[in-house]
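> Quick one, structure for this:
(one chain, ligands or ions: 1)
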Amino acid sequence: MRMKKKRHGSERIALLSQLVAKNPADVANNPSEFFGNSNSLRVEIGCGKGDFIRGKSVQEPDYNYLAIEKISDVCTVATEKYAVSRGLGSMAPNGGWQKPDGAIYVLGGEEVDFSDLDRGNVRFAVGDAAELLKDFPDNSVDAIYINFCDPWGKKGYAKRRLTYIGFLEMYSRILVNGGKLHFKTDNRELFDFSLEQVEISKFDLKYKTYDLHASDMNEVNIETEYERNFTEKGFKINMIIAENKK
Ligand SMILES: C[S@@+](CC[C@H](N)C(=O)[O-])C[C@H]1O[C@@H](n2cnc3c(N)ncnc32)[C@H](O)[C@@H]1O
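Numbers count the residues shown, from 1 in each chain. Below you'll find the predicted structure:
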């Protein structure tokens, strides 16, 4: 995702650090400490500005969600939008954070204090999911969502695609038996590649569509920022749901 560098991006996300996991593996190791409940954990890889995870966390609130985004400024925006959506305040005119009661937290100052209830069921993490997920324990995740990841279309780049068999093996390890991988893309070549990779993996293909918005899954579909954009340009959206079989 391209984004102009944010002014004070790192200070802004630092203010909301109670919504951010510094070491994401800790969330997987001990979700109840982070969320105050023992609900199963779901992970989104490459959350962008977080439209999907905000929608999903409301649509299926009985799960905890970790949204990983490798670009820090993008993760800052996702975290701020989530906080606004939960009524936890908004950006203050000076660039800090203003709580609904009017209290202002200045950039570089103390982090904003939220209760467990305020924080809700989503946490964000900055970093490369391919690296971060390596530290997750076996069987610690209920579902993984990958929406509109980079197709890495050039020859020789297959191993970088987030649906390459090497990644599917890691997802299989950290997912519980029966856990689901959900994948959406506008890119037909990446989709066909992903189907081939699922075929040789431990995942069972449970659902596939070449036109999500015309399918019976559209009713429960949560549109992402990229999905909206590609759909407006006339692209069809492909989706896979695959189940982990250990
Ligand atoms: C094309 S955008 C899609 C954003 C969002 N998922 C959507 O559908 O609107 C892909 C996002 O994934 C992030 N990303 C790509 N590879 C990643 C990785 N290995 N770990 C974490 N984030 C990644 C990018 O920085 C970018 O924000």
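> give me phi/psi at residue 95?
As for residue 95, its main-chain torsions (degrees, to the nearest 10) stand at phi 90, psi -10.
> from memory residue 172 sits against residue 200, does it?
No: counting by C-beta atoms under 8 Å, residue 172 stays clear of residue 200, with 11.9 Å between them. Every C-beta, even on glycine, is put in place using the N, C-alpha and C of the backbone.
> what about those two, which has more around it?
Just comparing residue 172 and residue 200: by other C-beta atoms under 10 Å the higher neighbour count belongs to residue 172, 21 against 9.
> which ones are touching the more buried one?
201-203, 244, 246 (C-beta atoms under 8 Å, 6 or more residues apart in numbering).
> per-residue pLDDT, it?
Confidence at residue 172, expressed as pLDDT, is 98.
> does it sit in a helix, a strand or a coil?
Under DSSP: H, G, I helix; E, B strand; the rest coil, residue 172 falls in the helix class.
> Most neighbours out of the contacts of residue 172, which is it?
Neighbour-wise, those (other C-beta under 10 Å) top out at residue 244, 25 neighbours.
> if I pick it, what's in contact with it?
Each residue near residue 244 by C-beta under 8 Å, 6+ apart is listed here: 171-172, 175-181, 202-203.
> you'd agree residue 55 is up against residue 221?
No: look at residue 55 against residue 221 with C-beta under 8 Å: they stay out of range, at 9.4 Å.
> so what's the residue most central in space within the chain bridging to?
The centroid of the chain falls nearest to residue 44 when counting by C-alpha atoms, centre = their mean (2.6 Å). Beta-bridge pairing for residue 44 (DSSP bridges): residue 67, residue 145.
> Can you pull up the residues of this protein that come close to the ligand?
Within the chain, the positions adjacent to the ligand are 1, 45-48, 68-71, 74, 128-130, 147-150, 224-227 by C-beta under 6 Å from any ligand atom.
> And stretch 147-166, how far out from the chain middle?
Relative to its chain's centre, stretch 147-166 lies at 17 Å (C-alpha atoms, centre = their mean, to the nearest Å).
> swap in stretch 114-134?
Taking mean C-alpha positions (C-alpha atoms, centre = their mean), stretch 114-134 and its chain are 9 Å apart.
> got it, and stretch 65-74?
On the basis of C-alpha atoms, centre = their mean, stretch 65-74 sits 7 Å off its chain's mean C-alpha point.
> so the residue nearest to the centre of the chain makes contact with residue 65?
Yes: counting by C-beta under 8 Å, residue 44 does reach residue 65; the two are 6.9 Å apart.
> Give me the common contacts of the two.
With C-beta under 8 Å, 6+ apart, residue 44 and residue 65 have common neighbours 53, 56.
> List the contacts of residue 242.
With C-beta under 8 Å, 6+ apart, residue 242 has these contacts: 180-181, 183, 198, 201, 203-206.
> before we move on, what about residue 38?
Counting by C-beta under 8 Å, 6+ apart, residue 38 touches 31-32.
> which SSE is it in?
Following DSSP states H and E, one finds residue 38 outside all helices and strands.
> where's residue 137 relative to the ligand, distance?
Note on residue 137: its distance to the ligand, by C-beta to the nearest ligand atom, to the nearest Å, is 19 Å.
> which sections of the protein are below the confidence cut-off?
The chain contains residues with pLDDT under 70 at 1-4.
> How far off centre is stretch 5-20?
17 Å.
> Filter the contacts of residue 242 down to just the ones in helices.
Secondary structure from DSSP state H places residue 198 of the contacts of residue 242 in helices.
> Tell me the one of the contacts of residue 242 nearest the ligand?
residue 183 (11.0 Å; C-beta to the nearest ligand atom).
> check contacts around the closest one.
Counting by C-beta under 8 Å, 6+ apart, residue 183 touches 145-147, 163, 194, 239-242.
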